[in-house]
Each structure stands twice: as C-alpha cells, then as structure tokens.
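> dropping a prediction and its sequence here:
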Amino acid sequence: MNRDRVLDAYFKNAASWDRDRAAQVRRSATLGWRVAAAGWICAVTSAAALVLLMPLKRVEPFVVRVDNRTGIVDVVPMYAGEVEMDEAVTRYFLVHYVSVCERFNLASAQSDYEECGAFHSSQRNQQWYEFWKTSNPDSPLNVHKDGSIMRVQVESVNFFDRSGGVSNLAQVRYRKARRQAVGAEESSTYWIATIRYAYAAVSKDPKVRRWNPLGFKIVEFAVEQEALAQARAMSSEASQGQFDEK
C-alpha cells in the first residue's frame, strides 16, 4: 500500500510538472506573438510617419544678394506663381518665346528646343515633341536639312480680354526671314500667332528655372501666315526694284 501511495504521489507530481511545462510553453508563445505584433505595429507606424514627413523634406533654392555699395546681404524671395504679372513682363516672355521657338539654326537647335520646352504646358510639350520628330515632314530638322537658317523678328504684340474678363490671350505678329547660305539674300514671310498663356508654379528644376524664372506657360499656340502683310511686302519690294532700275 505504501508503495502504491508513493507511485500515486510520483505520478501526480509528474502530471503537475507536465502541466506546468505546457502552461509555460503557452505563455512563451503568447508573449512571442505579442512581441512580434508590437514590432509590426512599430514598423508600420514608422513607415507611415516617414510618408507623412516626406513633403516636409525638400530643398528650397534661394538667391543671396549683396549690395555693392553698402555690403548689405539679403535673400531675394522666389516667385511662387500667385501674383498677377505686369503686361510688360508678359510681353517680354511672348516676344522671347516666339523669337526663340520660331527660329532655326542647326548650331543652336538643341538648346532652343529645350528652352522652348521650359515654357510649355504638358499638352503643348507633347505637340512640340511630335512637331520636331524627324518622321514629320514639316519638322524643322527636315525643312532645313539643306543648311538654311531661319531668323525671326517680332513686329507687334496685342492683348485681348475674354468675355469673362480674363486676360490670357495675345496675338503676336512677326516676320520669318529664311536664308539659304551665308551671304545669300533672305526671303521673308509674315505670320501671326494666337497664343493662350498662363502663369503657374515655378519649376524646381534649376535648368528650367534659369530659362523661365516666373512660371510663364504657353497653353495654346496657333499660327497662320498673314497674307495681307505678305502682299504688301512683295509690292514694296517690286516698287523698290523698279526705283532701282530707274
């Protein structure tokens, strides 16, 4: 009997030990899952915090100005595209754009192409790309493959107000003078461009900002030859020729 009691006590202790071991394993597993979940929560929270902080991490370019007489240093504020521009500024950009983008000289063609792109809206830039592709017969690269150059002279700029009072439309009259070779005479044609423009946020690209520091954008550009001015020019040249003969 004593032996049976000893065995019963032994088996009870053994069963209790097994239960303790199983409970410990369950507690360890539960703790492990809790630690893993906490780690995942921390990782997801950190990633979300980085995503939210990304807009705050940016480089703000600025220009430092030094007065040559007094030596005073100040920072020139950068235009943010929210102030209405003076008509003289817009006139300058229109003249500059037409002068650069309608001319052609193989030596500066690549630079002119990129500079004009700095003034384009996304839609206009796609049209500009399609226009310059060599697969387009009217591409300047095909029209001037004979080595000719095109010079542009702007004659006038006129602004128009839309019915809603919005001033974002202008017409630019200009002359295109084509010369086949150095020393050859120029042949002139007269054109009129109807341009819809806008001011947008200044580009963050330093190269684009160098060409276009105020965010001036060409939204639409429609051009047609001015027949009346062309006829007057031809008549004037004919009259001049008759005068020279006399």
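Noted; the coordinates are in hand.
> from K207, how far out is the residue lying closest to W211 once chain neighbours are set aside?
Among residues not flanking W211 along the chain, A118 sits closest, at 4.2 Å (CB to CB, 6 or more residues apart in numbering). All C-beta spots, glycine's among them, are computed from the backbone N, C-alpha and C. In this view, A118 and K207 are 8 Å apart by CB to CB, to the nearest Å.
> those two: who's more crowded?
A118 (19 against 11; other CB atoms under 10 Å).
> so that one makes contact with N212?
Yes: counting by CB atoms under 8 Å, A118 touches N212, with 4.5 Å between them.
> what touches both of those two?
S203 (CB atoms under 8 Å, 6 or more residues apart in numbering).
> need the strands for the protein, in chain order.
Under the criterion DSSP state E, strands of the chain are mapped to 63-66, 73-76, 149-160, 169-179, 186-199, 216-225.
> counting contacts, what elements does the third one pack onto?
In terms of contact count using 3 or more CB pairs under 8 Å, 6 or more residues apart in numbering; DSSP states H and E, strand 149-160 is assigned the packing partners helix 87-101, strand 169-179.
> how about JSON lines for the ones you listed, with mean pLDDT and distance to C42 added?
Putting the helices and strands packed on strand 149-160 into JSON lines (pLDDT from 0 to 100; distance: least, CB to CB, whole Å) gives the following:
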{"stretch": "helix 87-101", "mean pLDDT": "93", "distance to C42": "52"}
{"stretch": "strand 169-179", "mean pLDDT": "93", "distance to C42": "57"}
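> I'd like these as a markdown table, with mean neighbour count and distance to A198 appended.
Below are the helices and strands packed on strand 149-160 laid out as a markdown table (neighbours: other CB atoms under 10 Å; distance: least, CB to CB, whole Å):
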| stretch | mean neighbour count | distance to A198 |
| --- | --- | --- |
| helix 87-101 | 17 | 10 |
| strand 169-179 | 18 | 11 |
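> with distance to R27 as extra columns, can I get the ones you listed in CSV?
Listed next are the helices and strands packed on strand 149-160 as CSV, based on distance: least, CB to CB, whole Å:
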stretch, distance to R27
helix 87-101, 74
strand 169-179, 77
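> so the closest residue to V95 other than its chain neighbours bridges to which residues?
Among residues not flanking V95 along the chain, V154 sits closest, at 4.8 Å (CB to CB, 6+ apart). V154 forms beta bridges with Y174, as assigned by DSSP bridges.
> so F160 makes contact with Q171?
Yes: between F160 and Q171 there is a contact at 7.1 Å, judged by CB under 8 Å.
> which residues do those two both contact?
Common contacts of F160 and Q171, defined by CB under 8 Å, 6+ apart, are absent altogether.
> residue contacts, the residue nearest to V95?
Shown in contact with V154 (CB under 8 Å, 6+ apart): V95, V98, S99, V172, R173, Y174.
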